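J.: whatever this is, show me its structure:
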Amino acid sequence: MNQPGAQSLRALVLAPNGRDAPLTVLPLKEAGIVADICADLASLSDEMKRGAGLAVIADEAVRTIDLRPLLDFLEGQPPWSDMPIIVLTHRGDGPERNPAALRFGEILGNVSFLERPFHPTTLSSMVRGAIRGRRLQYEARARLEEIGERERQLQSALTVGRLGAWSLDVATMIFHASETSRNHFGLSGNNEFSYEDLRRAVHRDDLGQMTHAILQALTSGEDYVIEYRNVRPDGSLHWVDVRARALRDSSGGVVSLAGVSSDITERKNLELEREHLLGELAVERAALSNLTRTLEQRVAERTGELTLEVAAREKAQEQLLQSQKMESVGQLTGGIAHDFNNLLMAVMGNLEILRKRLPGVPGIRRLIDGAMQGAQRGASLTQRMLAFARQQDLKTVSADIGALVSGLRELLRRSLGPQIVLHLHIEPELPPAEVDAHQVELAVLNLAINARDAMPDGGAIHICVDQQHIEGEDGLQPGTYLRIQIVDTGCGMDSATLGKAIEPFFSTKPLGKGTGLGLSMTHGLAVQLGGHLKLTSELGVGTVATLCLPMATRPAVEIESPVAPSWSNRTATILVVDDDPLIAMSTIDMLEDLGHVVIEANSGERALEIIDGGQDIDLMMTDQAMPGMTGIQLVEIVRSKRPNLPVLLATGYTDLPTTKLANLPRLSKPYRQAQLQAEIEKLLDIA
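T.: Predicted coordinates:
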């Protein structure tokens, strides 16, 4: 605390008459009191402004002059200051007997009167008392300045901290709040507001908590600390932090609450967002923990799935390789069969001519018949090879499969022998199938004989005929198929044997007991008809051969037995076109033996030269596969020149190009003279 200086505690003396002023100052200085003499009232006022402890004024100095300068100074004093003044009066002129002096005291304020003559000690004592009072005023000033500084510091702290100050008077329940605090509570104006006004500003969800906290502070005197939401007049929501301390009276009762408030909306929103993020993080951690716990299981499951996928892929690749292998074998087999057919064509044609021309030579007929039987067996072998390669010429009809299999009963019994028990199971009223009836009969007979050979000690064969709906398996289109199953109780096959069973020339029979083409022929027939052959087998249990055949879209027709043709003795001029000299020679010999006139051409170009030469021709017979120009191409050109000329296509191929001539009359190689004669007679009749 700052101590007042000597100048602030000096005594100013105004006594203008005679030696009154020096005589007044002398005892004061002797008493150790600083004292200064002022010449007039204006000088006194100026010195007071510079600082003084009190003024000693003789009443005659101010009785008749203007006191305004002195009064202006006194009226302008700060609240803490009340300048003491000692007025020196003459005996009998005191305030008790002199009303003018009394009014003078009322005007000047803090006035004391001292009658003259006075004892120096009395004057010194009065001056000392006035200085002590003045010193207390200075101390009050210092305290007020300190309080003011603290208030300014507090206000600065409140401003920097965005705090508002408030208090609640318990007796009236009236709030006193700073402007900042009013904004925190969502209240406006400078008027006082009540406890109920404050309650109306609190969010209804927080009102109970706030009411309980403030009542607890008022009744127990505990500190009031709470966070809640206020709703401002514009409807916006704000969080406030309110803190207060209870103030007590001398009896210990709570008389008021004084505290601060702050807007914590931003912090609260961040906390809520943080809590939300922590909640999400907890969920993610739980999910991650669950993921970690189940990772091993899911890895095992996925590994199992991948193993199955790899196995399925390997199986598909194996099936693809097997399919490609079978396709390659089929193409090779088909090519060999076609070439073999051409050779057999020359052999069989020449043997038939020899049989006619050497009928009476001893022993020759037997040799020719033996050679013809061997050639016919070779022709049958090539037909099986073509069946496997799906290149045989099929004549499909709408056939009753149940009747077809039932009609094979006696033939099967004779073929299977007495040690085999045959059971037929045919579902009634089956729809017809689109098949080559003769080839299906051969396929069923082949499968039954294979089943018999798998049961050398006897057994049972069940042949079941029914229909089955297939959902696109084994390469088939989805739909209903006719199914023939041949089930035996034989030795069965292992997986390696089963995988090769339908390959051509593969056989488990002893040498000379089979060609290995039975199953391959049946497989090729089924695929060519639009069905499939499926084999399932187990060692020691038996084998099931399932032949699926497509349904027909037309009514079934009765399979008629072939009728022997009747021959005429007519002759014709026939143009034979073939690039193979052996086949051409054999064909020409058979035609000339029948009495026809034959013109030979070894290519399509040569045949066109003969046609363009104007030669009379009744029929043209041509091969399909020739260099330079195929048979179909030749026929297209000939038809443009001679549209009514009959044409016979002699070939071993069935996969002819798709043209309007694809349905030309055909004679499949190898053919015999009787077949050749029948086709020529048919075409000449039509012509």
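J.: alpha carbons only for contacts and neighbour counts from here, please
T.: Will do.
J.: I'd assumed residue 425 was in a helix, is it?
T.: No - judged by DSSP: H, G, I helix; E, B strand; the rest coil, residue 425 forms no part of a helix; its state is strand.
J.: wait, it sits on residue 463?
T.: Yes - between residue 425 and residue 463 there is a contact under C-alpha atoms under 8 Å: 6.1 Å.
J.: strands of the stretch 551-687 of the chain, start to end?
T.: For the stretch 551-687 of the chain, the strands defined by DSSP state E, counting those that start in this stretch cover 573-577, 597-601, 619-623, 647-651, 666-668.
J.: would you list these in CSV and tack on mean neighbour count and distance to residue 431?
T.: Formatted as CSV, those follow (neighbours: other C-alpha atoms under 10 Å; distance: least, C-alpha to C-alpha, whole Å):
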stretch, mean neighbour count, distance to residue 431
strand 573-577, 23, 45
strand 597-601, 17, 49
strand 619-623, 24, 39
strand 647-651, 21, 34
strand 666-668, 18, 31
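J.: which of residue 425 and residue 463 has more neighbours?
T.: Neighbours per residue (other C-alpha atoms under 10 Å) separate residue 425 from residue 463, with residue 463 holding more: 22 against 15.
J.: who's in contact with the more buried one?
T.: Residue 463 makes contacts with 422, 423, 424, 425, 484, 485, 486, 487, as judged by C-alpha atoms under 8 Å, 6 or more residues apart in numbering.
J.: and the furthest pair within those residues?
T.: 422 and 484 (14.5 Å; C-alpha to C-alpha).
J.: comparing those two, which residue is more hemmed in?
T.: Neighbours per residue (other C-alpha under 10 Å) separate residue 422 from residue 484, with residue 484 holding more: 23 against 18.
J.: returning to that earlier point: sort out which one of the contacts of residue 463 lies nearest residue 633 for me.
T.: Checking these against residue 633 with C-alpha to C-alpha, the nearest one is residue 484 at 41.4 Å.
J.: which helix or strand contains the closest one?
T.: Using DSSP states H and E, residue 484 maps to strand 479-488.
J.: that strand: how far from the chain's middle?
T.: Distance, stretch centre to chain centre, for strand 479-488: 45 Å (C-alpha atoms, centre = their mean, to the nearest Å).
J.: how about stretch 34-47?
T.: From the chain centre to the centre of stretch 34-47 is a distance of 100 Å (C-alpha atoms, centre = their mean).
J.: what residues does it touch?
T.: 6-7, 9-16, 21-22, 25, 28-29, 61-62, 67, 69-70, 73.
J.: then stretch 167-180?
T.: Residues contacting stretch 167-180 (C-alpha under 8 Å, 6+ apart): 162-166, 190, 192-195, 218, 254-259.
J.: show the buried residues in those residues.
T.: Neighbour-count burial (16 or more other C-alpha atoms under 10 Å) applied to the contacts of stretch 167-180 gives 162-166, 193, 218, 254-259.
J.: end to end, how far does stretch 13-26 reach?
T.: One end of stretch 13-26 sits 11 Å from the other (C-alpha to C-alpha, to the nearest Å).
J.: mind listing what's buried in it?
T.: Buried residues in stretch 13-26, counting neighbours by 16+ other C-alpha under 10 Å, are found at 13, 14, 15, 16, 21, 24, 25.
J.: just the ones of those in helices?
T.: Among the buried residues of stretch 13-26, the ones falling in helices (DSSP state H) are 21, 24, 25.
J.: quick one: which of those is nearest residue 671?
T.: residue 25 (173.0 Å).
J.: contact partners for that closest one?
T.: 13, 35, 36, 37.
J.: now do residue 574
T.: Going by C-alpha under 8 Å, 6+ apart, residue 574 touches 596, 597, 598, 599, 617, 618, 619, 620, 621.
J.: please name the bridge partners of it.
T.: Residue 574 has these beta-bridge partners by DSSP bridges: residue 598, residue 619.
J.: and the contacts of stretch 419-437?
T.: With C-alpha under 8 Å, 6+ apart as the test, stretch 419-437 has contacts from 394-402, 404, 406, 413, 452, 457-467, 482, 529, 549-556, 559.
J.: and residue 186, how far is that from residue 262?
T.: The gap separating residue 186 from residue 262 is 12 Å, by C-alpha to C-alpha.
J.: just the ones of the contacts of stretch 419-437 in strands?
T.: Within the contacts of stretch 419-437, residues falling in strands by DSSP state E are 397-399, 459-467, 482, 549-550.
J.: now, which of the residues you listed sits nearest residue 299?
T.: Residue 299 lies nearest to residue 467 out of those, by C-alpha to C-alpha, at 44.3 Å.
J.: tell me the one among the contacts of residue 574 nearest to residue 296.
T.: Of all the contacts of residue 574, residue 621 has the smallest distance to residue 296: 76.3 Å, by C-alpha to C-alpha.
J.: does that closest one touch residue 651 like I think?
T.: No - Residue 621 is not in contact with residue 651 according to C-alpha under 8 Å; the separation is 10.4 Å.
J.: among the contacts of stretch 419-437, which ones are buried?
T.: 394, 397-402, 404, 406, 452, 458-467, 482, 529, 549-552, 556.
J.: low-confidence stretches in the stretch 251-400 of the chain?
T.: Applying pLDDT under 70 to the stretch 251-400 of the chain flags the ranges 316, 319-343, 345-346, 359-395.
J.: from the contact counts, what lies against the strand holding residue 484?
T.: Packing contacts for strand 479-488, counted by 3 or more C-alpha pairs under 8 Å, 6 or more residues apart in numbering; DSSP states H and E, involve helix 437-453, strand 459-470, strand 542-550.
J.: residue 89: which of these is closest?
T.: strand 459-470 (143.5 Å).
J.: run a quick neighbour tally on the residue lying closest to residue 268 once chain neighbours are set aside.
T.: Excluding its sequence neighbours, the residue lying closest to residue 268 (C-alpha to C-alpha, 6 or more residues apart in numbering) is residue 239, at 7.0 Å. Around residue 239 there are 22 other residues, counting by other C-alpha under 10 Å.
J.: and residue 239, helix, strand or coil?
T.: On the three-state scheme (three-state DSSP), residue 239 is labelled strand.
J.: my read: it touches residue 272, true?
T.: No - the criterion here is C-alpha under 8 Å, and residue 239 misses it with residue 272 at 11.7 Å.
J.: just to revisit the earlier point, least confident pick among the ones in strands among the contacts of stretch 419-437?
T.: Lowest pLDDT among the ones in strands among the contacts of stretch 419-437: residue 397, with 81.
J.: residues touching it, list them.
T.: 433, 434, 435, 436, 437, 556, 557.
J.: for residue 604, state which of those residues is nearest.
T.: Of these, the one sitting nearest to residue 604 (C-alpha to C-alpha) turns out to be residue 436, at 33.1 Å.
J.: which residue packs closest to that closest one, ignoring adjacent ones?
T.: Of all residues not flanking residue 436 in the chain, residue 396 sits nearest, at 4.2 Å (C-alpha to C-alpha, 6+ apart).
J.: quick one: contacts for that neighbour?
T.: Going by C-alpha under 8 Å, 6+ apart, residue 396 touches 434, 435, 436, 437.
J.: distance check, the last one against residue 684.
T.: The spacing between residue 437 and residue 684, counted by C-alpha to C-alpha, is 29 Å.
J.: with neighbour numbers in mind, choose between the two.
T.: residue 437 (20 against 15).
J.: that one and residue 182, how far apart?
T.: 107 Å.
J.: what's the answer for residue 495, then?
T.: According to C-alpha to C-alpha, residue 495 stands 95 Å off from residue 182.
J.: compare these two (neighbour count), which wins?
T.: Relative neighbour count places residue 182 above the other of residue 495 and residue 182, with 21 against 13, counting by other C-alpha under 10 Å.
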